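Q: Predicted model and sequence follow; I will ask about them next.
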Amino acid sequence: MKLRVGLVGLGDHWEKRHRPALRALADRYEVRAVCGEVAHLANAAAGEFNATAVDGFRALAARDDVDAILMLAPQWYGALPILAACDYGKAVFCASALELETDETRKVLDRIETSGIAFTLELPRRFMPATLRLKELIATHLGAPQILFCHERLSGGQQIRLEGKPDSNLLLYHLIEIVDWCSYIVEGNPTSVIGFCHAGREQDKASDYEMLSLDFSKRGEPGEGVIAQISCGQYINDAWPEAITFRPPAALQVRCERGIAFIDLPSNLVWFDEAGRHMESLDSERPVGEQMLSSFYRDVISLVQPRTSLHDSYRSLAIVLAARQSAMKGQRVLTDDI
């Protein structure tokens, strides 16, 4: 069974992630319509896939020959294509960073649940080869995670800028995905968080570095469970371009019951146990774009409505905001009721 899809926007990852994935999964996906703000790019993509260029996301969602919508770019319309898909009963794969605060995210989530559509928010760290291999090692060799150290050092080119939103808090979207990544590896949700911020840019009052300590212990037992230490920031000035590549830290370190693993995304993993060091390069694994679209395909054709990944992103957003509240108040904030 082929899933007939319409593309809303193309985005920065079109050429290297989504376009090759749709080509590789031609037995599962058929592109029928394309909608985008840049007309010549939308026309080119439509021509390549023998599809129709469409003016407007509502017109695309209303088409009878479209079963699902792939939102691949963060454009001016925000969550509106998702609401249109709910109106027409179309599944949604969302690869764009939505600028949603908690109240608006809750409303969108309620609409998705009421409509019963399948919805997948792109969370690439979950599907990268090194993450999938780490999950296997936790189950077979390393044992349960105990302490996680996750650090992301950003350059200006790595930051996410929402179109038309130059003052958006750029760290927020990275932190949301990192919190989700750690929760996915631990297979649980933190019960409390402590946050720290460094306000490094006076012109927009935004932080250039944030640190979160997530505690996965049971309530009333802080420090008795898994702990994740997360930090993310652009603290190296763009005027020092060589510094950003100097001794980059591992994206993730995980100490487990019987060993420790070091991950460099997307596909490098080094782990240690009693037998010594083990180095693995997973470049031959299926690309992350194919992994995510394959998962979305299974969700759509399943007769059971999956628990939408927007739940997880909503919770991660709430945890990051709770960490910022912790930084302002100087105290731990409970999150197990979020």
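A: Yep, that arrived.
Q: what's near enough to touch the nearest residue to E290 once chain neighbours are set aside?
A: In space, and not counting its chain neighbours, E290 is closest to A21: 4.7 Å by C-beta to C-beta, 6 or more residues apart in numbering. (Glycine included, C-beta is placed from N, CA and C.) By C-beta atoms under 8 Å, 6 or more residues apart in numbering, A21 lies in contact with P287, G289, E290, M292, L293.
Q: One more pass at 10 Å, please.
A: Shown in contact with A21 (C-beta atoms under 10 Å, 6 or more residues apart in numbering): H13, Y29, R286, P287, V288, G289, E290, Q291, M292, L293, S294.
Q: correct me, but the first one touches L70?
A: Just to be clear, that refers to H13. No - distance between H13 and L70: 11.5 Å, which falls outside the contact criterion (C-beta atoms under 10 Å).
Q: and these two? which has more neighbours close in?
A: Using other C-beta atoms under 10 Å as the criterion, H13 and L70 rank with L70 on top: 26 against 18.
Q: The more buried one - nearest residue in space that isn't next to it in sequence?
A: Using C-beta to C-beta, 6+ apart and skipping the chain neighbours, the partner closest in space to L70 is F93 (4.8 Å).
Q: Can you report how many residues neighbour the one you found?
A: Using other C-beta under 10 Å, F93 has 25 neighbouring residues.
Q: Can you list phi and psi of it for me?
A: Main-chain torsions, F93, degrees, to the nearest 10: phi -110, psi 120.
Q: Enumerate the beta-bridge partners assigned to it.
A: With DSSP bridges as the criterion, F93 is bridged to L70, T120.
Q: In terms of helices and strands, where is R32?
A: For R32, the host element (DSSP states H and E) is strand 29-35.
Q: Go ahead and report the secondary structure state at D103.
A: Taken by DSSP: H, G, I helix; E, B strand; the rest coil, the conformation at D103 corresponds to helix.
Q: Now tell me what touches whatever helix or strand F262 lives in from outside.
A: Taking DSSP H and E as the criterion, F262 maps to strand 259-264. With contact meaning C-beta under 10 Å, 6+ apart, strand 259-264 is reached by 125, 128, 130-131, 133-134, 137-138, 141-143, 145-147, 149-150, 181, 185, 248-255, 268-275, 278-281.
Q: So what's the model's average confidence on that strand?
A: Across strand 259-264, pLDDT averages out at 96.
Q: Let me see the contact set for the residue of the chain most remote from its centre.
A: Outermost residue of the chain with respect to the C-alpha centroid, by C-alpha atoms, centre = their mean, is A275; its distance is 34.3 Å. Counting by C-beta under 10 Å, 6+ apart, A275 makes contact with H141, G259.
Q: Name the nearest residue to T114, ignoring sequence neighbours.
A: In space, and not counting its chain neighbours, T114 is closest to C86: 7.5 Å by C-beta to C-beta, 6+ apart.
Q: Can you tell me what sits against the helix or strand hosting the one you found?
A: Taking DSSP H and E as the definition, C86 sits inside helix 80-88. Contact partners of helix 80-88, identified using C-beta under 10 Å, 6+ apart, comprise 6, 8-9, 35, 56-64, 66, 68-69, 71, 75, 77, 90-92, 94, 96, 98, 100, 107-117, 119, 121, 310.
Q: about what we covered before: backbone dihedrals for the residue farthest from the centre of the chain, both of them.
A: Backbone torsions of A275, given as degrees, to the nearest 10, read phi -80, psi -10.
Q: now, which of the contacts of strand 259-264 lie within strands?
A: Applying DSSP state E to the contacts of strand 259-264, the entries found in strands are 145-147, 149-150, 252-255, 268-273, 278-281.
Q: re the thing from before, and the gap between the residue farthest from the centre of the chain and L3?
A: A275 sits 44 Å away from L3, going by C-beta to C-beta, to the nearest Å.
Q: dump the residue contacts of the residue nearest the centre of the chain.
A: In the chain, the residue lying closest to the centroid (C-alpha atoms, centre = their mean) is L123, at 2.9 Å. L123 sits next to A95, I176, E177, D180, W181, Y184, M292, S309, D312, S313, S316 when contact means C-beta under 10 Å, 6+ apart.
Q: burial measure for D12, as a count.
A: If you count neighbours by other C-beta under 10 Å, D12 ends up with 14.
Q: got the buried residues for the longest helix along the chain?
A: If you go by DSSP state H, the chain has its longest helix at helix 309-329. For helix 309-329, a neighbour-count test (16 or more other C-beta atoms under 10 Å) marks 309-310, 312-324, 326-327 as buried.
Q: For that helix, what is the distance to the chain centroid?
A: Centroid separation for helix 309-329 versus its chain: 14 Å, with C-alpha atoms, centre = their mean, to the nearest Å.
Q: Report all helices and strands that whichever helix or strand comes after it contacts.
A: If you walk from helix 309-329 toward the C-terminus, the next helix or strand you reach (DSSP H and E) is strand 333-334. Strand 333-334 makes packing contacts with strand 192-201, helix 309-329 when contacts are defined by 3 or more C-beta pairs under 10 Å, 6 or more residues apart in numbering; DSSP states H and E.
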